[in-house]
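Engineer: Give me a 3D structure for the following:
(chains A and B)
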Amino acid sequence: MSYRIGVDIGGTFTDFALFEEGGGRLALHKQLTTPADPSRAVLAGIVSLLARQNVPIADVRDVVHGTTLVTNSVIERKGAKTGMLVTAGFRDILDMRMEQRYDLFDLRLVFPDPLVPRRLRREVPERVHYDGRVETPLDEAAVSRGLKELVEGERIEALAICFLHSYANPAHERSAKAMVEAAYPDLYVSASVDVFSNLREFERWTTTTVNAFTQPMFDRYLARLEQGLAALGFSGQLYIMTSSGGVVTTETARRFPVRALESGPAAGVLMSTVHGRTLGLPDLLSFDMGGTTAKGALVRKSAPMKKYTMEVARVHEFKRGSGLPCRLPVIDMIEIGAGGGSLAQVDARNLIAVGPRSAGAVPGPACYAQGGELAALTDANLVLGYLDAGSFLGGEMRLDLPAAEHAIGRAIAKPLKLELARAAWGIHEVINEDVARAFRIHASERGFDYRTCSMVTFGGSGPVHAMAVARKLKIPRVIFPLGAGVMSALGLLASPLAFELSLSRRVFVAELDAARFAAMLQPLVEEATGFLVRAGVKPAELRIQRRLDVRYEGQGYELEVELPADGSAESGFHAVPKLFAAAYETAYGHNFLDEPLEIVTWKVEAVGPEPNLKADFSLVVAGGGGLEAALKGRRKAYFEAAGGYVDCPVYDRYRLRPGDSIVGPALVEERESTAVLGPGDRASVDSHYNLVAELAG
Amino acid sequence: MARKNRTLDAVSLGIMWDRLIALTDEIVSTLVRTSFSTIVRESYDLSVVVLDAGGHLMAQGTYSVPVFIGTAPRTLKYMLEKFPPHTLRPGDVLVTNDPWMGTGHMFDISVMRPVFRGRKIVAYTMSITHLPDVGGLGFGAAATEIFHEGLRLPICKLVKGGELDPFMVDLIHANCRVPDQVMGDLMANVSCNEVGGRQVLEFMQEYSLDDLSGLSHAIREHSEQAMRQKIREMRRGVYRNRVMVEAIDAPVEYACRVEVDDGEVRIDFTGTGPCVDRGINVPFCYTNAMSLYAIKCLTIPSIPNNGGATLPVKVSAPPGCILNAQPPVPTGGRHIMGHFVPPLIFGALAEAAPDKVQADCGMMDLMTVQGRHTNGRGVSTIYFSAGGFGALQGRDGTDTLPGPSNMAVVPVEIWETLTTLTVESKRLRPDSGGSGAARGGVGQEVVLRNDSGHPMTVFSMANRTEFPALGMAGGKAGAMRQHKINDVAVHPKGKYVLRPGDRITLVEAGGGGYGDPRQRPVAQVVADVREGFVTPEGAARDYGVRVDPATLLATRQAAE
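Structural biologist: Numbers count the residues shown, from 1 in each chain, chains lettered A, B, ... in the order given. Next up is the predicted model:
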C-alpha cells in the first residue's frame, strides 16, 4: 500500500492529511505549530499521525508541504544579510519604488523598507538595451570589487544580481553569477533573469531580493526537514507547494523560495477546485475564513484564476500597494481582514466597523477567557447561537458566553443604544457585507459572472458566514466539504508537479511567422520541461501550457490568451488573432478596434500528471449515522429573516450520511467549524459526504 | 422579509450605507475595465456617484481621485435646470464637459442617467472620466482661450429614451483625433450608468425601500456630524497664508483665510492673483474640490464622500482670480495651478492642527515627449518623475513620492522599449530633502538620452523651480527643481527639440522638512548619512551633526 501526506504549517496549528492511494482512506491530524523551528511540529505530527493510523513510514511515497515560512521571514525581516549588484546609475530603484501613493488621503502613509539597504548595493558598469543590444560590456573588475566589499567587508550571506533588461539578454547577469560562484561558492546568489524573467525593473529586482533574502533560511529549513524525515525512515520524495498551485521538488524550492510565498492558501483553493470537478461544477467561488483573514478566489472552467503580481509584507495588510511587489505566477486571491478574531468597534461615523484589527490567538476573542476584553467576531457568533460554548473545537475549548456578552455590550450595544442581540447581529452582518463586497469587486474587475456559480467554503469561520454571503451575492448553492478546518492540508495532495516560466519580449505579430513564433517558445518549453523531468516525470506524462500576453500595438493593457493544448506552436500562431478577439470581447464586452497586435509576454508551464486524489474519500465516522443519530440537541440561534432567536436543531456532521437532508434553520457542527443554515435553506449530504445547501428562494 | 421599514438603527444604516458604496465601487471597476483611456485605467482619473432624487450626493466610488470631490451635485443641478426632472424619460442620458458645469477642464466628461422606478425618479447615477482626446490643441497648457481647447459640449442628451443621438455621434467623430476611442469611452460611461441604475433598483428591492431619501438623509447626517466632531479638535481661530506660485511667465500670488469655527471651516481665497492667458486657470469647482480634499486629510481621511461630509467646509473665491476662473479663459491644465491649493491650506493650518498638516511636497514633473521610435513608429507620451514628499510631525517625508496629485512611474525598461529615449541614470538626490526634526523626502536626478535617431520634442511645465517646497514648524525648504539639456540649465517651462544623442537632465525637487533640524535625533542623522540620503557635509551644515563617514561616529555641534 502506498500513502501520501500533506502538511500545512499555519500560524497556530500545523495540519496533516494522510491519504491512502487507491483505497481512498483519509486521516487528519492537527499539531501545535513550533515557531522557533517549524520542522519539529512537522516531524512530530507525522510520527503521531502514522502511529495512530498504524502506517509504517516506509509506505509513505511522498510528503507535500505547504508553509508560510518564506512569507513570515520577509514580514518579520528574519532573512539573510543580503547584498545587491546593480546596473550603474540604478542603485536607487529599490528606494524609489513606483513613485505612487497607495492611499490618497492618508498623508502619513509609509512603505516597507527595501530588503537590501542602500549601503549594501554596489553599482556595476554594464548596459544592455531593451532589444538585447550591449552598449557597455560588463565591468568584471567592478563585479569583483563590489563582491569583495560586500562579502568580506559587509559579511553578506546572500546576493541579488539585478541588471537592466536582463530578460532581453541575460549574458551579463549570467557572467556575474558565474564569477560569484567561482569566487564564493558558499554565497547564496539569485540573478533576476532566473527568478522571473519579466520586464519592469522594480518588481523583478524586488522579487529577486526576496528570493535572495529568504534563500539561506529556507535551505537550512529544508535540510533539517529532509534529515529529520530520513531519520524516521522516510525514503520517498518531499515536495513543496508553490503560490501558483503546483508543487516542486526541494531542489527547485531551494533555488526559488520566493515561489513559495503563498504556499498554504493556494492549496485550499485547489481543494475547492477538486470538489468542483467531482461535483461537475466548473465555475466556483472559493471562500476560506479563519482566525484573522478571509480569502477568496475564483475558479473558472475548473482552474483557479491566476495572476502574475503579488505583494508581500504589506504595511497595511489589506491595502494594495503598501507591500513589496513581486512578479510571479500566483493564484489570484483576495484577502479581507475578516476572521473570527476581527475586533468590532464604533467608527468615526458612529456605526459598527469590524476588523482588520484582530484579537489574534492570544488573547483572542473575549469568549476565549484568556484575558481578551474586546469584542471579536467569534464573540458575536457565540451570542447569536451559531457557535456553542460547549462544543467549540470539539469541546476542547470552553467558551465564555457572559464574557462575550459583556464585551459586545461595552464595545457596541451601549454606545450605539442597541439591544445586545441586534449589536451581535450587526457585527456578524458587517463581516458578511465586507466579504460580499470584496467578491463583487474582484469578480467585476475580472469580468467574472458569479451569479450562476456555487461557493465552496472552509476554514474555521467560513461555514458560519457562507450562506449569508451567498445570499448577498445571489449565489444559489454552497458546498461545505467535510474537514473544513484542514482543507489546505488536503489540497496539497491535489496538486500536480508544475513549473512556469515567462519571458518578456515585445514582438509585433505582423513581423512574425509561424516558425519564428515556435522558436520563441521552444527554449521556455525545454527549460520548464527540464524542471519536471529532473523531478522524475516521464516526458510522455507532462502537459505543456503556452500562454501569451497580447495587446493592440502601443496600448497599455494586455490580455492573456492560452494557445490550444493539443495543437502545435505553429498552429497556435495562426490562432492568436482569433483568441485575442475572443478574450477582448469577454473582458470589454465589445470588439471593434481593427488594430495590429503585439505579443509582450511569453509564458510556458509544464504540468505533471494530476494526482489521483478524488474527492470521494470518506472520513472514518464512529458509530451509527443518519439524521436521527446525528441530532445532538437544539439551541436558539438568531436569524434576522425570522425576526430574532429561533429554536434550531443541531446536527453532528460526522454522523450525517449520504442522502440525509436538512431544512433550515439548522446548525451542523464539526470539530473545527459550524455550518449555519438559515430559515428555508435546504441542505443534503451527497455521496462524497459534502453538505450541499441550496438557498431559500 | 419579516421586518419591513425597520427604523434606521446603527446596524441597518451601516449595512445599507456600505452596500451602496460597494455598489458604486462595482460600477467603478466595470468602468475601468471597459475604458480605453490609460489615465482612467492607471490613475483612476474617474468617479462614479449615486445621488438621491433631491440631487444630494449619497455615495461615491472609493477610488475616485480628489479632484472629483463635491463636483457631481453641482453638475446635476445644472443638468436639471436645463432638463427638469419631469421632462426626463427612462433611458435618457445627459452629458457635458463644460469646465464650469463639470470638473474644471474639457477632458472630463460627466455622464448622468436618471434612475426610474416605475414612473418616478428615485435616484441619479453619474460617472465622470478623463477622455483620451477632445480635439483642440491637445493635452497641455498652450491654449490662450477656451476655444483652443477643443470640443465643448453644453449639457445635452447623448441618449434619448435609450436611443443614441446620431448627431452627437457625428459631432464627436468630427472633432476628435481618436474618435473610436472617445466613443468607446463614452459608451463605457453610458453602460456603466445603466448597470448602476439597475443595481440601485435591486438594492431598493433587497431592502424594501420605496425611496432613498430617508437613507440619504441619515448617511449625510452621520457624515456631517462626524466631520463637525473632528473639526472641533482643531484649534479655533482665523488663520492666513500667502505663497507665490509659479505660473508661465510671472508668478501668481495665492492667499487664503481659513476660519476654524465650532464644527465648521470657512476657506476664502481673496487676495489671490488674476487669471493668466494660458490653459492653467482654475474653475471654482476644482478649487473647491482641492480645499475639501485638504480638510478631509486633516480630519477623517477615511470618511466616505457625500453631501454631508462636505457640508461643514465652506469655500469661496472672488470671481476672476485664478482660483475662480471665469469663461472664456482656458483651463485645460487647471491641475498645474490647482495642486497648490492643499499646501496653501496646510500652511495656514500649521498651528491649528500641528500633528496633521504636511510640509510642502516637491511635487511631480510631467514631460510630454513627441517624436519617433528607432523603428520609425510615432511616439507621443508623458515621462513622469516625482520629487520628495513633505514631512509631517514625527514622520519623515517619503523619498520620490508625488503629492498632492498622484501617478505611477513608467518603469525604465518599459519606457525605453516604447520610446528609445534611453534612461542613462536615475539616482536619488542626496541633501535635497528639506532638513527638519522630520526630514523632507529627497528628490531624484534622471538623465535621458535621445537614442531614437530622430529629433524628439519635449515639453514641460515644471514647478518648484523658483519657489521651493517650504518646510513647516521650523523645518527647512527642500532643494529646487532644475532642467538641463546637455548639462546646460534651460527654462523649465518650455518646449525643446532633442537632437539624436542629446541629453536632458531632470533634477527633481525635495520635500519640505518639519520641525527644527537641531531636534532631529543624532542616530537618525547618522542613519541618513550611512544610507547616503544626507551627505556628511549636509549633516554638518543642515543638522549641526559631524559624522565621520568611515566610522559613522557622530557629534552634534553646539548651536551658534
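
Engineer: Check the stretch 401-550 of chain B for the residue nearest chain A and tell me.
Structural biologist: Here the stretch 401-550 of chain B gets closest to chain A at one residue, B:Ser425, 3.0 Å apart by C-beta to the nearest C-beta. Yep, even glycine has a C-beta here, placed from its N, CA and C like the rest.

Engineer: Verify the stated contact: that residue with B:Arg449.
Structural biologist: No. Look at B:Ser425 against B:Arg449 with C-beta atoms under 8 Å: they stay out of range, at 9.9 Å.

Engineer: And for B:Pro404, nearest residue in space, chain neighbours not counted?
Structural biologist: Distance criterion C-beta to C-beta, 6 or more residues apart in numbering or on different chains; nearest residue to B:Pro404, sequence neighbours excluded, is B:Pro342 at 4.6 Å.

Engineer: interface residues of the stretch 351-500 of chain B facing chain A?
Structural biologist: Contact residues, the stretch 351-500 of chain B versus chain A (C-beta under 8 Å from any C-beta of the partner chain): B:356, B:358, B:377, B:384-386, B:392, B:395, B:398-403, B:406-409, B:411-414, B:416-418, B:420, B:422-428, B:444, B:447.

Engineer: What's the PyMOL line that selects buried ones from the residues you listed?
Structural biologist: Of these, the buried ones can be selected in PyMOL as follows, counting by 16 or more other C-beta atoms under 10 Å in any protein chain shown:
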select buried, chain B and resi 356+358+384+385+386+392+395+398+399+400+401+402+403+406+407+408+409+411+412+413+414+416+417+418+420+422+423+424+425+426+427+428+444+447
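
Engineer: Output the longest helix belonging to chain B.
Structural biologist: The longest helix of chain B (DSSP state H) is helix B:179-206.

Engineer: for that one, which positions count as buried?
Structural biologist: For helix B:179-206, burial by neighbour count (16+ other C-beta under 10 Å) applies to B:179, B:181-197, B:199-200, B:203-204.

Engineer: what sits against the residue lying closest to A:Ser444 once chain neighbours are set aside?
Structural biologist: Leaving aside its chain neighbours, A:Ser444 sits nearest to B:Ser29 (4.4 Å; criterion: C-beta to C-beta, 6+ apart). With contact set as C-beta atoms under 8 Å, 6 or more residues apart in numbering or on different chains, B:Ser29 has these partners: A:Ile441, A:Ser444, A:Glu445.

Engineer: Same question for the residue of chain A found nearest chain B, what's its three-state structure.
Structural biologist: Nearest residue of chain A to chain B, counting by C-beta to the nearest C-beta: A:Gly89, 3.0 Å away. Following DSSP: H, G, I helix; E, B strand; the rest coil, we place A:Gly89 in the coil state.

Engineer: Show the pLDDT at it.
Structural biologist: You'll see A:Gly89 listed with a pLDDT of 98.

Engineer: Would you confirm that it contacts B:Arg427?
Structural biologist: Yes. Using C-beta under 8 Å, A:Gly89 is in contact with B:Arg427, at 6.6 Å.

Engineer: Could you list the low-pLDDT ranges of chain B?
Structural biologist: B:1-6, B:37-43, B:559-560 (pLDDT under 70).

Engineer: Can you show me the helices along it?
Structural biologist: Assigned by DSSP H, the helices in chain B fall at B:10-34, B:38-43, B:71-82, B:166-175, B:179-206, B:213-231, B:284-298, B:334-338, B:341-348, B:412-419, B:522-531, B:536-543.

Engineer: Which among those is found nearest to A:Gly321?
Structural biologist: helix B:38-43 (12.5 Å; C-beta to C-beta).

Engineer: Report the separation between A:Ala569 and A:Ala515.
Structural biologist: 9 Å (C-beta to C-beta, to the nearest Å).

Engineer: And the two? Which one has more around it.
Structural biologist: Neighbours were counted for A:Ala569 and for A:Ala515 using other C-beta atoms under 10 Å in any protein chain shown; A:Ala569 has more, 18 against 11.

Engineer: hang on, isn't B:Gly91 packed against B:Leu158?
Structural biologist: No. Counting by C-beta under 8 Å, B:Leu158 is not a contact partner of B:Gly91; they are 11.3 Å apart.

Engineer: contacting residues around stretch B:154-165?
Structural biologist: Contact with stretch B:154-165 is made by B:78-79, B:82-83, B:89-96, B:98, B:101, B:111, B:168, B:186, B:190, as judged by C-beta under 8 Å, 6+ apart.

Engineer: do that again at 6 Å, thanks
Structural biologist: B:Met79, B:Lys82, B:Arg89, B:Gly91, B:Asp92, B:Val93, B:Leu94, B:Val95, B:Thr96, B:Met168 (C-beta atoms under 6 Å, 6 or more residues apart in numbering or on different chains).

Engineer: Name the residues of it that come out as buried.
Structural biologist: Buried residues in stretch B:154-165, defined by neighbour count with 16+ other C-beta under 10 Å: B:Ile155, B:Cys156, B:Lys157, B:Leu158, B:Val159, B:Leu164.

Engineer: Tabulate the CA atom coordinates of that stretch in PDB.
Structural biologist: Provided in PDB are the C-alpha atoms of stretch B:154-165 (Å, rounded to 0.1, in the frame of the first residue of the first chain):
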ATOM      1  CA  PRO B 154     -23.000  72.100 -23.400                       C
ATOM      2  CA  ILE B 155     -25.400  70.000 -21.300                       C
ATOM      3  CA  CYS B 156     -27.200  67.700 -23.800                       C
ATOM      4  CA  LYS B 157     -28.900  64.400 -24.200                       C
ATOM      5  CA  LEU B 158     -26.400  61.900 -25.700                       C
ATOM      6  CA  VAL B 159     -29.100  59.200 -25.400                       C
ATOM      7  CA  LYS B 160     -32.800  59.900 -25.700                       C
ATOM      8  CA  GLY B 161     -35.100  57.200 -24.300                       C
ATOM      9  CA  GLY B 162     -32.400  54.500 -24.900                       C
ATOM     10  CA  GLU B 163     -31.500  55.700 -28.500                       C
ATOM     11  CA  LEU B 164     -28.100  57.200 -29.100                       C
ATOM     12  CA  ASP B 165     -28.400  60.600 -30.800                       C
END
